[in-house]
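Novice: I need the structure of the sequence given here:
(one chain, ligands or ions: 1)
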Amino acid sequence: MERFKNKVALVTGGSRNSGLDLVERFAREGAKVWTCGSSAASTAKGAEALSARGLAVATEPAPDGAWQVRAMPCDISDGAQVSALFDAIERESGRLDVLVNNAANQGIGQGGPLDMDPAGFLDVFKTNVFGGFRVTQQACRRFFVKQETRGCVVFLSSNTARRAIRNRTSYCASKGAINSLVRSLALDLGPLGIRVNCCAPGYIRTERWNTLDPAVAARRRKNCPLGREATGADIAGVVAFLASDDASNMSGEIVTVDAGCSCQHMPIDVDC
Ligand SMILES: NC(=O)c1ccc[n+]([C@@H]2O[C@H](COP(=O)([O-])OP(=O)(O)OC[C@H]3O[C@@H](n4cnc5c(N)ncnc54)[C@H](OP(=O)(O)O)[C@@H]3O)[C@@H](O)[C@H]2O)c1
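Specialist: Residues are numbered from 1 along each chain as shown. Take a look at the predicted model:
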């Protein structure tokens, strides 16, 4: 399937974990994919990981046919860096068709709401909410509204937007804000022909799972009616669907991908 042939995509946060799977999925389906980590070092590491998956990755300007993935550092909480990224996309690719707002500050280790440093709360919002908004605004202003075939946007939110997890106040709040942002953008951008949707994952198997006590991993799986966490590829499949013409009549939707976790009142070992 090559649903993104002749299209250009930007996937933010493609330096590790699910971001790598998102970049790979769009590239394998024919897109030229731009991606960024927040720093030069993380972006280079991501580029290495994507090359190891057999993708042609450019970290500097290169002729169009020479790459499937173009990696450039961009801290999306910094307006100047976001503008520089979009300048490069305009200069080197001349168009953009798909934006995937994947980059996230997880807000891990901030403590509970009574103890946390309010500055940390703001940091999470600066990346997850304001950063996602700023990147979307640039994509729409500079490309989507000017192109005959309009672009579309997919945000990554989380099932924790609706069912909170402990000691992740800023993260949960930011993902709830993303859900509202998606509906608001869908309303205002729909008349311009721009679709905005959202994938809300539950547990995803990332590098962080490698440090989990196996009993904790097993307990987490019990939280899921399907009995397993998602892979990054599971998430990428749904995001690619939302960005494709297969979803051409969808906008403002939050699609939960959490192995059925959110549909239950109690996990199985509490019920029985
Ligand atoms: N993992 C889960 O179980 C889970 C569950 C529900 C939802 N999600 C959502 O799914 C998405 C992917 O999750 P994940 O666990 O794969 O994420 P992750 O491992 O935490 O990776 C986050 C990515 O975002 C980038 N990033 C962070 N701050 C940035 C900034 N200011 N500017 C640019 N890039 C920045 C990171 O780059 P650096 O390498 O430079 O830091 C990294 O590439 C996220 O939106 C996450 O919130 C994840």
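Novice: distance of Gln68 from the ligand?
Specialist: Computed as CB to the nearest ligand atom, to the nearest Å, the Gln68 to the ligand distance reads 18 Å. Yep, even glycine has a C-beta here, placed from its N, CA and C like the rest.
Novice: Confirm for me that that residue is in contact with Gly54.
Specialist: No: the criterion here is CB atoms under 8 Å, and Gln68 misses it with Gly54 at 9.5 Å.
Novice: So which of these two has more stuff around it?
Specialist: Gln68 (20 against 10; other CB atoms under 10 Å).
Novice: Now that one: closest residue in space, sequence neighbours ignored.
Specialist: Once flanking residues are discounted, Gln68 sits nearest to Ala27: 4.4 Å by CB to CB, 6 or more residues apart in numbering.
Novice: For that neighbour, list the residues it contacts.
Specialist: Residues near Ala27 by CB atoms under 8 Å, 6 or more residues apart in numbering: 33, 55, 68-69.
Novice: Next, Val33: secondary structure please.
Specialist: For Val33, the assignment made with DSSP: H, G, I helix; E, B strand; the rest coil gives strand.
Novice: from now on call the first residue 342
Specialist: All set: I'll call the first residue 342, so the last point we hit is now Val374.
Novice: and Cys540, which of the three is it?
Specialist: strand.
Novice: quick one on the thing from earlier: okay, the contacts of Ala368 in TSV with secondary structure and pLDDT next?
Specialist: As requested, the contacts of Ala368 are exported to TSV (DSSP: H, G, I helix; E, B strand; the rest coil; pLDDT from 0 to 100):
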residue	secondary structure	pLDDT
Val374	strand	98
Leu396	coil	98
Gln409	coil	98
Val410	strand	98
